[in-house]
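1. sequence unknown, structure follows:
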């Protein structure tokens, strides 16, 4: 019975709005009213600088890792519940019940979930992210490319459990869909590049 509640636990853990809480604590403002309107690390950086970014990113990664580890512990490693809980944790970050379902884009929490699922594949996905950003200088494009690559890399593992592959794919689709505005700007050629002065809402 406890195992069947793991998606709920994962959602609640993922929905802890660290970025919102940190900016509210430091500046007394709602981070969603600034920049891109996201509670994610990149938007926190626009308010608090690099330290705010690092703190938020690490905390969001950790909650993703913990959600998967908790699901694994409570279900004795059942891949189906682990996969469902992985998706639930990212949904929690993107649509937190505490903030009327307005959260972040799921990248950092997704990194945490992916690390817990397949750390080697995460390293390869991060390499793809770095290459894309280095060549085209779009953080959003790098995030999308690295996220899209992860389930494919999981599929290339030796005998990966099907639920884990499907969970990774579902999680990736959520994160990519949360970048719909970035995708429109990329297609229009108006997305902000790394190192260039921002012309509007940020890329993350």
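-> Perfect, thanks for sending it. Nothing here was measured: the structure is a model prediction, and the numbers come from that model.
2. Longest helix of the chain, counting residues only.
-> The residue-count maximum for a helix in the chain (DSSP state H) belongs to helix 41-74.
3. And the average pLDDT for it is what?
-> Taken as a whole, helix 41-74 has an average pLDDT of 96.
4. Could you tell me which other helices and strands it packs against?
-> Here helix 41-74 touches helix 6-14, helix 18-27, helix 79-94, helix 107-117, going by 3 or more C-beta pairs under 8 Å, 6 or more residues apart in numbering; DSSP states H and E. No exception for glycine: its C-beta is placed from N, CA and C like everyone else's.
5. Show me which positions of it end up buried.
-> 41-48, 52-53, 55-57, 59-68, 70-72, 74 (16 or more other C-beta atoms under 10 Å).
6. what angle do it and helix 79-94 make?
-> Here the directions of helix 41-74 and helix 79-94 differ by 150 degrees (axes from the mean of the first three to the mean of the last three C-alpha atoms, to 10 degrees).
7. from the chain's centre, how far out does helix 41-74 sit?
-> The chain centroid and the centroid of helix 41-74 are separated by 9 Å under C-alpha atoms, centre = their mean, to the nearest Å.
8. With stretch 112-123 instead?
-> Stretch 112-123 sits 12 Å away from the centroid of its parent chain (C-alpha atoms, centre = their mean).
9. And it, what's buried?
-> Using 16+ other C-beta under 10 Å as the test for burial, stretch 112-123 gives 112, 113, 114, 115, 116, 117, 118, 121, 122.
10. Kindly report the same for stretch 28-41.
-> Buried-residue list, stretch 28-41, by 16+ other C-beta under 10 Å: 31, 32, 34, 35, 36, 37, 38, 39, 40, 41.
11. Stretch 89-99 now?
-> Those would be 89, 90, 91, 92, 93, 94, 95, 96, 99, for stretch 89-99 by 16+ other C-beta under 10 Å.
12. Kindly report the same for stretch 158-174.
-> Using 16+ other C-beta under 10 Å as the test for burial, stretch 158-174 gives 160-161, 163-172, 174.
13. Among those residues, which lie within helices?
-> In helices, judged by DSSP H, the following of the buried residues of stretch 158-174 are found: 163, 164, 165, 166, 167, 168, 169, 170, 171, 172, 174.
14. From those, pick the one nearest residue 23.
-> Among these, residue 174 lies closest to residue 23 (C-beta to C-beta), at 23.5 Å.
15. Isn't that closest one up against residue 107?
-> No: Residue 174 sits out of contact with residue 107 when judged by C-beta atoms under 8 Å, with a separation of 10.7 Å.
16. hang on, residue 125 packs against residue 150?
-> Yes: assessed by C-beta under 8 Å, residue 125 is found in contact with residue 150 at 4.6 Å.
17. if I look at these two, which residues touch both of them?
-> The contact sets of residue 125 and residue 150 overlap at residue 114 (C-beta atoms under 8 Å, 6 or more residues apart in numbering).
18. related to what we said a few turns ago, can the buried residues of stretch 112-123 go into JSON lines with extra columns for pLDDT?
-> Output for those, formatted as JSON lines (pLDDT from 0 to 100):
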{"residue": "112", "pLDDT": "98"}
{"residue": "113", "pLDDT": "98"}
{"residue": "114", "pLDDT": "98"}
{"residue": "115", "pLDDT": "98"}
{"residue": "116", "pLDDT": "97"}
{"residue": "117", "pLDDT": "97"}
{"residue": "118", "pLDDT": "97"}
{"residue": "121", "pLDDT": "97"}
{"residue": "122", "pLDDT": "96"}
